[in-house]
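Asks: Quick one, fold the following:
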Amino acid sequence: MGTIMTILVIALIAVGVAWLIRQRNAAQARELEDAKSEARRWVERLGGQVLNLVGTNEAAKQALADAAERYNAAGSQMEQVRSPAQARHVIETAHEGLYYVRAARTAMGMDPGPELPPLPGQQRAGAVSEEREVEVEGHRYSASPVPSGRNQHYYPGGVIAGRPVPQGWYSEPWWKPALVAGAWGVGSALLFSAMFSGMAGVAYADGFSDGAAFADDAQGDVGADMGEDPGGFDGGGLDGGFDAGGFDGGFDF
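Replies: Numbering: from 1, shown residues only. Below you'll find the model as predicted:
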C-alpha cells in the first residue's frame, strides 16, 4: 500500500511540474509575441514616414536618409528577434529613426508630430542650446539647436562609446566613427571640451571632466541594464554601410 501511495505522489508531482512548465512556456511565448507585435508597430510607423516624406532642403534630406538607415536596421533586427530583450532593441532603433523624421519635418517647417519616448541617455546628454563654432586641430566644427545651411547633420542625443553627445544639428557627423568603431579617437576630448564646455543644458556644461565623469556613470548604467541576455542578438545593418575610413575632416579619429 505504501509503495502505491509513493508512486501516486511521485506521479502527481510529475504532472504538476509538467503543467507548470507548460504554463511558463506559454507565458513566455505570449510575452515574446506581444513584444514582437509592439516592435513591428513601431517599425511600420517609421516605414510609413520614411516612404511618404520627401526632403525639400539639404538638412531634411540628410535627416530622412538617416531615418531610412534606421528603418533598414530595424527591419534587419526584427528578422532576428528571439526574445523580448531583442524586441526592445528593435523598438529603440525605430524610435531613433522617428527622431530623425521629426528633425526632417522641423527642417521643412512642418509639424514634427507627436512626442516620442526618450532614447537611452538622451535626457542626461542634453541638447545644444546655442550656436557654436570651434576650431580643433586646424578643422572647424559647428553646432546649433536648429538646422542651417552649415549645420545639416542631426543627432537625437544619447551616449556613444561611453560619452554623451547632445541633441542638435552639426556641421558634420563627427560622432559616426565612434558609433561604428565603438571607441573615440585620441583627440576627441579636445573636441568635446571646445564644443560643449560652458554650454547650458548639456552634459559638458561645466567642462569636459564633468562630462567624462557622467560618461563613466552612464557606461556603468548601461552595463547594468544589459545584464539581461539578449540571446546573441545581431544588430546587423545598423551602421547603414557607413565607412569610417572615408571620414577625414582634419580631426584625428
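
Asks: What's the local residue count around residue 65?
Replies: Look at residue 65: counted by other Cβ atoms under 10 Å, it has 14 neighbours. Yep, even glycine has a C-beta here, placed from its N, CA and C like the rest.

Asks: from the middle of its chain, how far away would the strand or helix carrying residue 4 be?
Replies: Here residue 4, judged by DSSP states H and E, is contained in helix 2-52. Offset of helix 2-52 from its chain centre (Cα atoms, centre = their mean, to the nearest Å): 28 Å.

Asks: okay, the angle between the next helix or strand after that helix and helix 2-52?
Replies: Moving toward the C-terminus from helix 2-52, the next helix or strand (DSSP H and E) is helix 58-78. In terms of direction (axes from the mean of the first three to the mean of the last three Cα atoms, to 10 degrees), helix 58-78 departs from helix 2-52 by 160 degrees.

Asks: any weak-confidence spans in the chain?
Replies: 1, 205-253 (pLDDT under 70).

Asks: Domain parsing of it, as residue ranges.
Replies: The chain is divided into the following domains under automatic domain parsing: 2-107, 122-226.

Asks: Turn these into a markdown table, including distance to residue 113.
Replies: Putting these into a markdown table (distance: least, Cβ to Cβ, whole Å) gives the following:
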| stretch | distance to residue 113 |
| --- | --- |
| domain 2-107 | 6 |
| domain 122-226 | 14 |
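
Asks: How about the contacts made by residue 184?
Replies: 161-163, 178, 253 (Cβ atoms under 8 Å, 6 or more residues apart in numbering).

Asks: How much space separates it from residue 174?
Replies: 10 Å (Cβ to Cβ, to the nearest Å).
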